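Engineer: Sequence and predicted structure, then a few things I'm wondering about:
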Amino acid sequence: MVTLAALGTYLPPWGSARGRVVGPDEDALTLGVAAARAALSAAGRTSPAGPPAAEAAAATGVRRVVFVTRELPLLVGSNAAALLAGIGLAADIAVVEQVGGAPAVLDALADASPGTLIVAADAPDSGEPAGAAAALVTAADTAGTAGGVGVELVGRVVRSLPVHSQAAGEAAVRDYSDTRLERERGLGVAVERLSLTEKPVVVAGVAPKQAATLCAGAPPALPTLGASSALFAIAALRDVGSSGVVLAAEQASATAVRLDGVPGAVRRDEPAPLAPEKATRTAGPDIAVSLSAYERAFDAKLRWEAGRCDACGTLALPPRRRCLSCGSEAGWTLAPLPRTGEVYSAVTVRVPVPGLPTPYSLAIVELDGGVDVRALVKVTGVKAGTTRIGDRGRMVLRRVAVRSGVPDYGYALFPDGSAVAAAEPTTTDTLEGVAR
Amino acid sequence: MRRVAVVGAGMTAFGEHFGLGIKDLLPMAVSEMAAHVDKGLDRADIQAAWFGELTTTDGFPSGILADTCGLLDIPVTRVENACATGNDAVRNATFAVASGAFDVVLVVGADKVRESSARATFWEWAGLTRDMAWDYPLGLVAPANFALHVARYLHESPATREHLAMVAVKNHRHALPNPKAQLRYEITVEQALNAPVVVEPFGLYDCTPQSDGAAALLLVAEDVADRYTDRPVWVRGVGLGLDRVMHQHKRDMTTFPPTVKAAKASYAMAGLGPADIDVAEVHDCFTGVELISYEDLGFAERFGAYKLIEDGTTAVGGSKPVNPSGGLKAKGHPPGATGVAQCVELFEQLRGEAANQIDGARTGLAHNIGGPTAVSAVTILSADRG
């Protein structure tokens, strides 16, 4: 039995009620980071708007991160450092990068040791829906996890029926196109072999109609079908209002777990969907990368931290040797930056730019908290050209560009507005005591 | 310091010179300058040269200038100071003559922008001007750098997009008689406002074209000026100003502090002020930049620039004509050549020989801003020795 302390979910703002798609500046890693931050904030471990204070970051109690997705951004060259930096976790935490779907996530959850953060992300380019969810596992008696629920493994069946397949090196998923075979000899046999003594409350990884045939009541619709769907299923127990068995299936394999209660600490970062923008893509040369510059900037850029002058305390973004204010060159220390701010100036690039989807908006954002720091960033999550001087928003991790094959992560402004209002947790989504 | 005179000026036409390389454009500009020295120029008189080129094309700039212009026996120094390169080359050469080190020097500015594919150009130029880790991947195309300023300027001042369009209309009209200009056709305010948007708030007609070209000046000491002409134009003031390079560190984006600093230095050296300027060549790479510069150069009160374009003050025929050559907007903008070519225009204006002549012009000002927006150079020339 493991204790699930908190859940966080994230849906990209593009798509429709039928399913979300990733924007041009998102990938499985940025999706996973958003979900993980939501989970830690549901657990009261970080404040979603403010900087994670150093103590708060240590207080996450996270000792291990398991990142499950079938769309790892890098196969060679680690995703782990970017994941830890984006979530706001220390760089000495072990990260498991795992290729897997919904059953793999329940497997990881059922076997997790206390202090494990499971991050599941789906960013398929096959047209299947995108989203991410994360779960924090703690020791049963951890203070402040009153909303924690027990999770135990009910059963697991591992079989092969690759009606959808993608071999290493292949660009796309192949579809064998036999839904009856998949239903009867895949999911059907898997469920049969699990010999469940009670019907599941929610089923992840299968189409809603199929899920309905397996469940006791009407199961809640889930926004994704891949790895993250397993955690969306657990989060959905709140909507159903009942604990019980959660089943996750993928082709011919399945894992079932039982929850002994309804998860209390759930934070959903799920902005209302917007129709995806029509972007112009212009072929061009690779966007150059200097890995020396990349390495020097990495921590400040991915952790959203400034250099604080050791002599006078002035913050500089990016960090710099000579202080902007007092001129000291004695040194600087990284310090977290506020994650909200107001637009000082904004423009929209409409001319096609080689290698970048256009149009896009750029903004200079004056950060909150009287820190006297401005950031020059891209705008994300809203139609290009809709951001005005004086608009407010929050800073979120995005893939700013892919440079010579290397994902270049940094922060973008996600403007407040109707779409973002939905991202704020409703009262029913928020556990008492969750940091706001 | 000794007085310094301009006694010769010449330039190539600005345009997309696909058929001409930098090794063609440089000798063309220098020879045209030499041919227009009133009493003739023996090239052997030239003791040193300063060459403003922003990018390098076909090899290292100083060597190419010396080699292609028959100047192998003199020192040649390349000057690079972003889009302020041209007027900074003038500034360096001025000091060399004023100091007494040389009597006769050459200033050349050139750039060959249309030398790589349109697709490659954007990232090449972004690499010249932006922080590799923090800014480069954002896709800050050149107009975006200036648009961030102008968007804020339009927000805080009474100026509107219509005023930007009026700048474009004026400078296109000014270019009509200029045989060296790249865009010699008139446009209307409506055309400018309805043109495809490049980077809001700039439409196509708010932006300078991409240009190739070269320009040259001959600077000499007062003692020897009469060997070359009886009608010299005097370099009265030069100035250069800088600012923080990252936009996020510029506190007030409705003004360009480098221009204020460069103008202050140049006016002080000349012993002149904005009211003394009869004609100005102002850096209008994007229309809104010309408006902001009216204020930074002291031609207009803060946030009052729109009045000057509204009432025709800065048109030829007005009391403070700006960019009679067509400006960067319509004459063209090969960055290294731009500032030098502004001085070529002023040389002709102050001698009463310009294609779009301002009646009675005695004193002129040339202005560059670049970097983007982190460096400015201002040169004041006058028919009066001072």
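Structural biologist: Everything's here; your move.
Engineer: give the contact list for B:P257.
Structural biologist: B:241, B:243, B:250 (Cβ atoms under 8 Å, 6 or more residues apart in numbering or on different chains). Quick note: C-beta positions are derived from backbone N, CA and C, even for glycine.
Engineer: nearest residue to the last one other than its sequence neighbours?
Structural biologist: In space, B:K250 comes closest to B:R244 once its chain neighbours are excluded; the distance is 5.8 Å by Cβ to Cβ, 6 or more residues apart in numbering or on different chains.
Engineer: quick one: that neighbour from B:P372, how far?
Structural biologist: 12 Å (Cβ to Cβ, to the nearest Å).
Engineer: Look at the two and report which has more neighbours.
Structural biologist: B:P372 (26 against 15; other Cβ atoms under 10 Å in any protein chain shown).
Engineer: residue ranges for the strands of the stretch 1-150 of chain B, please.
Structural biologist: Applying DSSP state E, counting those that start in this stretch to the stretch 1-150 of chain B gives strands spanning B:4-11, B:48-52, B:76-79, B:104-112.
Engineer: mind checking which of the ones you listed is nearest chain A?
Structural biologist: Ranking these by proximity to chain A (Cβ to the nearest Cβ) places strand B:104-112 first, at 18.9 Å.
Engineer: Where does the prediction get shaky in chain A?
Structural biologist: A:46-59, A:141-147, A:418-436 (pLDDT under 70).
Engineer: which residue does the stretch 101-250 of chain A bring closest to chain B?
Structural biologist: Counting by Cβ to the nearest Cβ, the stretch 101-250 of chain A gets nearest to chain B through A:A123 (19.5 Å).
Engineer: quick one on the thing from earlier: might one say that the residue nearest to B:K250 is in contact with B:D252?
Structural biologist: No: counting by Cβ atoms under 8 Å, B:R244 stays clear of B:D252, with 11.6 Å between them.
Engineer: Compute the distance between A:R303 and chain B, please.
Structural biologist: A:R303 is 14 Å from chain B, where distance means Cβ to the nearest Cβ, to the nearest Å.
Engineer: Name the nearest residue to that residue, sequence neighbours excluded.
Structural biologist: In space, A:R303 is closest to A:A85, 4.8 Å off (Cβ to Cβ, 6+ apart).
Engineer: repeat for A:V245
Structural biologist: A:P200 (4.4 Å).
Engineer: give me every residue that touches that neighbour.
Structural biologist: Applying Cβ under 8 Å, 6+ apart, the residues near A:P200 are A:214-216, A:219, A:244-247, A:256.
Engineer: In ChimeraX, select just the buried ones from those.
Structural biologist: Selection command for ChimeraX covering only the buried members of the contacts of A:P200, criterion 16 or more other Cβ atoms under 10 Å in any protein chain shown:
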select /A:214,215,219,244,245,246,247,256
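Engineer: Can you add secondary structure and distance to B:Y267 and give the contacts of A:P200 back as JSON lines?
Structural biologist: Converted to JSON lines, those look like this (DSSP: H, G, I helix; E, B strand; the rest coil; distance: Cβ to Cβ, whole Å):
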{"residue": "A:L214", "secondary structure": "helix", "distance to B:Y267": "83"}
{"residue": "A:C215", "secondary structure": "coil", "distance to B:Y267": "81"}
{"residue": "A:A216", "secondary structure": "coil", "distance to B:Y267": "85"}
{"residue": "A:P219", "secondary structure": "coil", "distance to B:Y267": "77"}
{"residue": "A:G244", "secondary structure": "strand", "distance to B:Y267": "82"}
{"residue": "A:V245", "secondary structure": "strand", "distance to B:Y267": "82"}
{"residue": "A:V246", "secondary structure": "strand", "distance to B:Y267": "76"}
{"residue": "A:L247", "secondary structure": "strand", "distance to B:Y267": "80"}
{"residue": "A:A256", "secondary structure": "strand", "distance to B:Y267": "82"}
